[in-house]
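Asker: heads up, no residue letters with this:
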């Protein structure tokens, strides 16, 4: 019997919309600081620097199962642009990179709230998210704004736990709080390597969510999965719960 359901944030509960606007705000903040050093930056140079920063992030995320802080990633970007080290400027840019999420927020994926409302009295819900430029406390703030945090009783953010999925601690942070065995829990997420392999390795049930059309940065087999179920929408998730759980 399932007692706990854990859900991923990005491209599962929320989409990736408004990313262009977030990056424009981030670029503006960077340009403001670069002006202090008499350095200009073209759009292409910014995109190249941002790409390099994500490659730095992904290398640590994939190989070390943790996520660098926003400040660490901006420090890398600073070095990539050959700027003189200035902690105040780095912190200022990092703050804008973080808070841009609240200025140009992503959207809840269709019918996710329908699922939460339907089952929140039957299961305990926990959120498990690997964080990038946006730390966990701001993801929670967005959920507060959208009135969905009320459905969740526990959170596991990689910037707070010190590990990222598929590290067992990312999942056990939630399960231990509820005194729940892995075979009494189910995880819903979009990434095979982190969400599905991480949940499966513990003995949890799993659903891979492939219903976010805004997700375009991951290359993975869209038809093959080790999850118990593969879905294209939250309505599919509801149908699976009605039939199996």
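Answerer: On my side now, so go ahead. This one's a predicted model, so the numbers in the text were calculated from it and none came from an experiment.

Asker: Strands of the protein, residue ranges please.
Answerer: Here the chain has its strands, by DSSP state E, at 4-8, 124-129, 152-157, 185-189, 205-209, 229-231.

Asker: Show me what the third one is packed against.
Answerer: Yep, that's strand 152-157 we're talking about. strand 124-129, helix 136-145, helix 168-177 (3 or more C-beta pairs under 8 Å, 6 or more residues apart in numbering; DSSP states H and E). Every residue, glycine included, has its C-beta placed from N, CA and C.

Asker: Pull out the buried residues from the second one.
Answerer: Of the residues in helix 136-145, 136, 138-143 count as buried by neighbour count, 16 or more other C-beta atoms under 10 Å.

Asker: okay, which residue of this structure is out on the far edge from center?
Answerer: The outermost residue of the chain, judged against the average C-alpha position, is residue 38 (35.0 Å), by C-alpha atoms, centre = their mean.

Asker: Ramachandran coordinates for it?
Answerer: Torsion angles at residue 38 (phi, psi; degrees, to the nearest 10) stand at phi 60, psi 40.

Asker: just use 54 as the starting number from now, easier for me
Answerer: Sure, I'll start numbering at 54, so the last one becomes residue 91.

Asker: per-residue pLDDT, it?
Answerer: Residue 91 carries a pLDDT score of 88 in this model.

Asker: so where do the helices sit in the chain?
Answerer: With helices called from DSSP state H, the chain shows them at 72-87, 96-117, 123-133, 140-156, 165-172, 189-198, 211-214, 221-230, 250-255, 287-297.

Asker: hang on, the earlier thing: nearest to residue 108, out of the strands of the chain?
Answerer: strand 177-182 (20.8 Å; C-beta to C-beta).

Asker: can you give me the angle that closest one makes with strand 238-242?
Answerer: Strand 177-182 and strand 238-242 are oriented at 40 degrees to each other (axes from the mean of the first three to the mean of the last three C-alpha atoms, to 10 degrees).

Asker: Show me this structure divided up by domain.
Answerer: Using automatic domain parsing, the domain ranges for the chain come out as 57-70+159-297, 72-156.

Asker: If you count neighbours, what's buried in stretch 199-212?
Answerer: Quick answer for stretch 199-212 (16+ other C-beta under 10 Å): 201-202, 204-212.

Asker: Between those, which sits nearest residue 182?
Answerer: residue 210 (5.5 Å).

Asker: ok, that closest one - contacts?
Answerer: Applying C-beta atoms under 8 Å, 6 or more residues apart in numbering to residue 210 gives the contacts 182, 184, 188-190, 192.

Asker: ok, 7 Å please
Answerer: Neighbouring residues of residue 210 by C-beta atoms under 7 Å, 6 or more residues apart in numbering: 182, 184, 189.

Asker: which residue packs closest to the last one, ignoring adjacent ones?
Answerer: What that stands for is residue 189. residue 210 (2.7 Å; C-beta to C-beta, 6 or more residues apart in numbering).
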